[in-house]
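[1] pasted the sequence and its predicted model underneath.
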Amino acid sequence: MASTAQSTQTRPQPANGEPSVLAVVVTHAEREWLTECLVSLATQTYSTLDVLVVDDASGDHRGPPSLKRVVKRHLRKRRWGYLRTPRPLGFGGAINWALSRVRTDADLLLFIHDDAALTPESVEKMVARIGADPDTAIVGPKIMNWDNEHILEEVGMAADRFGYPYKGLDEGEIDSGQHDRASEVFFVTSTCMLVKHGVFRQLRGWDARMRAFSEDLDLCWRARIAGHSVRFEPEAKARHAIALATGKRTSPYVPTRYFIRRNRLRAVTKNASAIRLLGLIPLFVLLSIAEMIGFIVIRQPREIWNLVKALGWNAARLPQTLAERRRVQHKRRVPDSTINRYTVRLSTRIRSYLGNQTHRIEEAWGRRAELLSQRGHEARAFGQRMKGWPIALTVLAVVGFLIGFRHILWAEQASVGELLPFPEGGAGMWKAYISPWNHAGLGGPGPNPPAFAILGFIPMLTFGAASAAQKVMILGLGGVAAWGAYRLVYELVDPPARWVSAATYGFGAVGYAGLREGRLGAMFFAAAAPFVLAAMIRLIGWARPPEWRRNQSIALIALGGAVSAAFVPGSLLLYVIAAVMLLIPKLILDHKGETFRPLLQCFLGLLIAWALLLPWSTSWFGDGGALNALFGDDTWRGYANTFRDDGMASTLLGQTPDGPALFGLAMPLLGIIAVAVADGARRKMALALWTVVVAMGWIVDLISAGILRPFVPSPTEVGVLAALAFAGLAGIAVGAFRLDLSRRELSWKHAASIGALALSGFLIAAGMGPALWHGEWNAGETAGGVGPEVVAQVSSLLDAEAQQTGPFRALWIGSGWSSREPTGARPGGDSFLTGAREPQLQDLFTPQSDADGTLDVVIASIEEGATDRGGELLGAFNVNFVIIEDGPRAGGWLAQRDLALIRTEDDYFVLRNQVELPRVGVYSELPVYVRALEEGDPRLSAGAEVQKTALSTSGPNGYRGRVAGEGMVFLAASEEGGWKATADDLALDRVPGGWGNAFALEEGPSETQVVEVTYPRSIVALFVLLITILAWIATVGAAVSRKRRKIRGTIA
């Protein structure tokens, strides 16, 4: 072979009949191992060996010495060639490119890394092995450690079903001849492999799209599918520096884990059989989720993003991958069952993985332990300082908390507005989220609100104890909100000022009003808002910590925005307005700063927040959607009425949200101090926060005046950002007094500032003291609801009945069971349905349909006295109990002949329906009560109802029973085509069923038939659910990831 590729000549056929070999060496930058690699090829005992060196676009190829000169110096005794790619193509891509530009009729191709060096007899041994069996197409040598040739690195490779490699070697295993038997393996790595040229051409070479990592797995897998074998030759040996994987060499293909995972998934998609692939892809996604959780355990959350990118890369290139798959599978000669003999079980791979990762876990948590040790020293130092008045203040705060929150700490679970009890068990809310059918009210198809999934994490903290879960949620939201306010002003003020910000927000108006009004959405919004606003402040440039990262701020906006909008969808618009208002003073005061790029980044974070709530977020503006209910033509005035007593003045005076009045008056006074006393960045920040307060007041004013339809349910939600801005201003005011005023000469400003701060302190104490003493942080204090003890009594009655009769619905009449004013997740009205229990959190965001209108007609006819057989009509809705608040409306209900009064209390009555219809039953014809409702003629409901049997519950979304003969299957749930019915596994035809679902049951060949009614989950919905979970995990990882902190000496 000549010295350039252009003059490459075909080698004459050797006289001894030896197959000719072309060695292809791929090199890229940092070539400290290349010399030994070339020398090892030049000194091979195999004579018919040519060498082609391919430079994969190295930046230092011109030397000195030049790469071409190095090649010539060490390969002068061999026929050699040299090529340089125009751009980095990766190992496989560079080989494909080079072989397309040279003419060679070599029988065998030897691919080798430039950081590997062969022993002199290696090529000869591999050629002998590949020639001994006509089915063998690929042979690999024994790979040894570069610095210690007695340490094994590879003796052929196996893999599990997901393409994860398995070496079968212990870490640092010594070569004692234990692997000296030639054997067939699943694949050999590209470190060094000998391949039949004809097979390589047949396989269309390397997969150039992989660029780096796992391309050897793919090539060997394709060879096996085509009927060839891959073998390991122990007498051939190569030392390998593993420069790329160990970080000794820089690579354009980073992060490494991203390329490894994306290429493995591509290899599996191309090469697995169709049947196996259907099961592997969902399992691969679940395994990726488990791996993401593992990265959190080993404190490497940034790796989560690499996994998500790998999945996204494959999804974007799926059409091209499927085209490659068709070509691969067209050449299949061997079934997967044959190939599986050379793979390992998943359990084996997992044990190996966990064993190899133990040191990473120990390292990560070792650093954590060292940090905790440092924190312990800091805590002891803090304890030394906590003497005198600081400890007195701490004790006073704890006592005040216990007194003020006594109704939360020691009472039953609250049941008012959106603040409802948790279901029993730890997984109730998650089951409600993943269910394809929403059982709240008369039911409706998914998607279900992501708020259910978020709420599902809270019972985990209490091991499924529902009563404790609500208390943990309320107190936890307050704690998170306070911590967020502390972090909001972290870069601008000292610790005492930060604690002032935390206290004024955590004990402030939002939590006060949210609890008293039962507005759970406002409380979650308030907990997430400080982190979103802080991220916006950093993006826009008001304050940036030293290790600030733009992408992390965007992720925080996305995460906090998604949590907020899961409960209050309109919060995203409030965030948009806040971002604009924060930017305006920045543009005015800082002409040299960025213009609109930070605003676009804030919008990007909020757009991601909306996407995290998919597919539920697409339903916001549809009929019955979360936002459509707020500003719909028929409903917006009810929500606007909640704004009638609020406006710009109430917002600026700290009275929106509705907290302790004197406490609220202290907030604008502290805001004025912040602007008047602060200097530099603190003053600019104070002005920016004031713009947020003004913007929120302007929104309240427009809604109160009827100019703007509400996009949040009440002033409490609008006031979240105003209260947060005031908390930030309070912290800045104290910080400015301590840090800025002390540097000025003594003047009247000192006296005025001290007086203003003293007045603010007096107002806060005068507002908070009585409120704490009277325990005004009491759920439902202003909502007018009945006490939680009453709800618990009714719930016990319903639960006992359900255990005997099966599932049914309960109808609750009266505003005392919900709240006086509508909320976002409970649109209002003084009647609602639940299951056989009290209202619970899974009843939030109840789906609305035409069936609800039909039920409203029945309720109106009973209360107006148009019928005295309301039980028959309610029976069609599977309503077995009616719980009525005592009042003027109770008369019509008590007059019904088929509703029996079974309990009388001072505040309520409980009626039992004498005409009970099951949730799903089989009848001789469509139930007459349903026909009466459909045709609007209650007289049709008179007469006996022939009921054959009731179907019992079978799973969360199914019913099952054995029936005889023909008839009509009726499901008392909102009409929806997704419900399916079968008899002995044969589909039943859907027939008109009024507001519900009806199916015609024909007589079967046997006396009885097994009838099933189910609402199955679609594959698309399951796929969307998995993608959503991955997106949430990735966002959490991006939001909480931190750079490693260096451990400094402990504090003495």
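    Now that the structure is in, tell me what you want to look at. Residues are numbered from 1 along each chain as shown.

[2] run a quick neighbour tally on F463.
    Using other C-beta atoms under 10 Å, F463 has 9 neighbouring residues. All C-beta spots, glycine's among them, are computed from the backbone N, C-alpha and C.

[3] number of residues surrounding I1027?
    16.

[4] hang on, I meant G892
    21.

[5] got the buried residues for whichever helix or strand C37 is part of?
    Using DSSP states H and E, C37 falls within helix 34-42. Buried residues in helix 34-42, counted by 16 or more other C-beta atoms under 10 Å: L34, E36, C37, L38, S40, L41, A42.

[6] helix or strand: which one has L539?
    Per DSSP H and E: helix 520-540 holds L539.

[7] elements contacting that helix?
    Contacts defined by 3 or more C-beta pairs under 8 Å, 6 or more residues apart in numbering; DSSP states H and E place helix 520-540 against helix 466-488, helix 509-517, helix 550-567, helix 571-589, helix 597-612, helix 680-704, helix 715-739.

[8] which one of the buried residues of helix 34-42 is nearest to N997?
    C37 (72.2 Å; C-beta to C-beta).

[9] gap between the closest one and L99?
    19 Å (C-beta to C-beta, to the nearest Å).

[10] so where is the stretch 201-350 of the chain shaky, pLDDT-wise?
    Within the stretch 201-350 of the chain, the ranges that satisfy pLDDT under 70 run 285, 294, 296-302, 345-350.

[11] how is the chain divided into domains?
    5-344, 480-773, 788-913, 920-1019 (automatic domain parsing).

[12] using the three-state scheme, assign A158.
    Put simply, A158 is strand when judged by DSSP: H, G, I helix; E, B strand; the rest coil.

[13] that one reaches P165, doesn't it?
    Yes - between A158 and P165 there is a contact at 7.4 Å, judged by C-beta atoms under 8 Å.

[14] neighbour-wise, which of the two wins?
    The neighbour count for A158 versus P165, taken as other C-beta under 10 Å, is higher for P165 (21 against 17).

[15] once you drop chain neighbours, what's closest to G404?
    L772 (3.5 Å; C-beta to C-beta, 6 or more residues apart in numbering).

[16] H407 is in contact with the one you found, correct?
    No - taking contacts as C-beta under 8 Å, L772 lies outside contact range of H407: 11.6 Å.

[17] where along the stretch 201-350 of the chain do the strands fall?
    With DSSP state E, counting those that start in this stretch as the criterion, the stretch 201-350 of the chain has strands at 229-240.

[18] now do the helices in it.
    215-225, 256-271, 274-297, 302-316, 318-330, 336-339, 346-385 (DSSP state H, counting those that start in this stretch).

[19] list the buried residues in the first one.
    Residues E215, D216, L217, D218, L219, C220, W221, R222, A223, R224, I225 are the ones in helix 215-225 that count as buried (16+ other C-beta under 10 Å).

[20] what does it rub up against?
    Helix 215-225 is contacted from outside by 90-92, 137-138, 157, 159, 163, 165, 186-190, 193, 195, 199, 203, 206-207, 210, 230, 263-264, 266-267, 270-271, 328-329, 331-334, 339, 342, using C-beta atoms under 8 Å, 6 or more residues apart in numbering.

[21] repeat for the second one
    With C-beta under 8 Å, 6+ apart as the test, helix 256-271 has contacts from 161-164, 207, 209-215, 217-218, 221-222, 225, 244-245, 253, 277, 280-281, 284, 288, 303, 306-307, 309-311, 313-314, 317-318, 321-322, 324-325, 328.

[22] sorry, back to before: now, which of the buried residues of helix 34-42 sits nearest R516?
    Distances from R516 to the buried residues of helix 34-42, taken by C-beta to C-beta, are shortest for L34, at 75.2 Å.

[23] quick one: that closest one from D216, how far?
    20 Å.

[24] F970: what secondary structure?
    Assignment for F970 (three-state DSSP): strand.

[25] that one and W995 touch, don't they?
    No - with contact defined as C-beta under 8 Å, F970 and W995 do not form a contacting pair (10.7 Å).

[26] any chance you could list residues touching both of the two?
    V930.

[27] just the pLDDT at the residue nearest to G404, thanks.
    Per-residue confidence (pLDDT) for L772: 81.

[28] so who does it touch?
    Neighbours of L772 in contact, by C-beta under 8 Å, 6+ apart: G400, I403, G404.

[29] filter the residues you listed down to the buried ones, PyMOL style.
    Filtering those down to the buried ones (16+ other C-beta under 10 Å) takes a single PyMOL command:
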select buried, resi 400+404
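
[30] closest to F711 out of the contacts of L772?
    The closest of these, once distances to F711 are taken by C-beta to C-beta, is G404, at 32.5 Å.

[31] and the gap between the closest one and S831?
    Counting by C-beta to C-beta - G404 and S831 are separated by 34 Å.

[32] again with A529
    33 Å.

[33] show me which of those two is the more surrounded one.
    Neighbour count, other C-beta under 10 Å: between A529 and S831, A529 has more, with 29 against 20.

[34] measure the more buried one to V568 for me?
    10 Å.

[35] again with R544
    From R544 to V568 the distance is 28 Å (C-beta to C-beta).

[36] which of those two has more residues huddled nearby?
    Set R544 next to V568 and count neighbours by other C-beta under 10 Å: V568 wins out with 32 against 15.

[37] hang on, the more buried one packs against A527?
    No - if you go by C-beta under 8 Å, V568 and A527 don't touch, sitting 11.5 Å apart.

[38] endpoints of stretch 200-208, how far apart?
    One end of stretch 200-208 sits 14 Å from the other (C-alpha to C-alpha, to the nearest Å).

[39] let me fix that, I meant to ask about stretch 832-840.
    12 Å.

[40] distance from that stretch to the middle of the chain?
    Stretch 832-840 has its C-alpha centroid displaced from the chain centroid by 29 Å (C-alpha atoms, centre = their mean, to the nearest Å).

[41] I'd like the average pLDDT over it.
    Rounded mean pLDDT across stretch 832-840 is 85.

[42] V493 and V677, how far apart?
    12 Å.

[43] which residues are in contact with both of the two?
    What both V493 and V677 touch, as defined by C-beta under 8 Å, 6+ apart, is the set A736.

[44] next, count neighbours for the closest residue to G479 other than its chain neighbours.
    Leaving aside its sequence neighbours, G479 sits nearest to G506 (C-beta to C-beta, 6+ apart; 7.1 Å). Look at G506: counted by other C-beta under 10 Å, it has 23 neighbours.

[45] before we move on, back to that, and the helices and strands packed on helix 520-540 as JSON lines, adding mean pLDDT and mean neighbour count?
    Putting those into JSON lines (pLDDT from 0 to 100; neighbours: other C-beta atoms under 10 Å) gives the following:
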{"stretch": "helix 466-488", "mean pLDDT": "90", "mean neighbour count": "21"}
{"stretch": "helix 509-517", "mean pLDDT": "85", "mean neighbour count": "28"}
{"stretch": "helix 550-567", "mean pLDDT": "94", "mean neighbour count": "25"}
{"stretch": "helix 571-589", "mean pLDDT": "91", "mean neighbour count": "20"}
{"stretch": "helix 597-612", "mean pLDDT": "94", "mean neighbour count": "19"}
{"stretch": "helix 680-704", "mean pLDDT": "93", "mean neighbour count": "22"}
{"stretch": "helix 715-739", "mean pLDDT": "93", "mean neighbour count": "29"}
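
[46] quick one: which of those helices is nearest G446?
    Using C-beta to C-beta, the nearest of the helices and strands packed on helix 520-540 to G446 is helix 550-567, at 14.8 Å.
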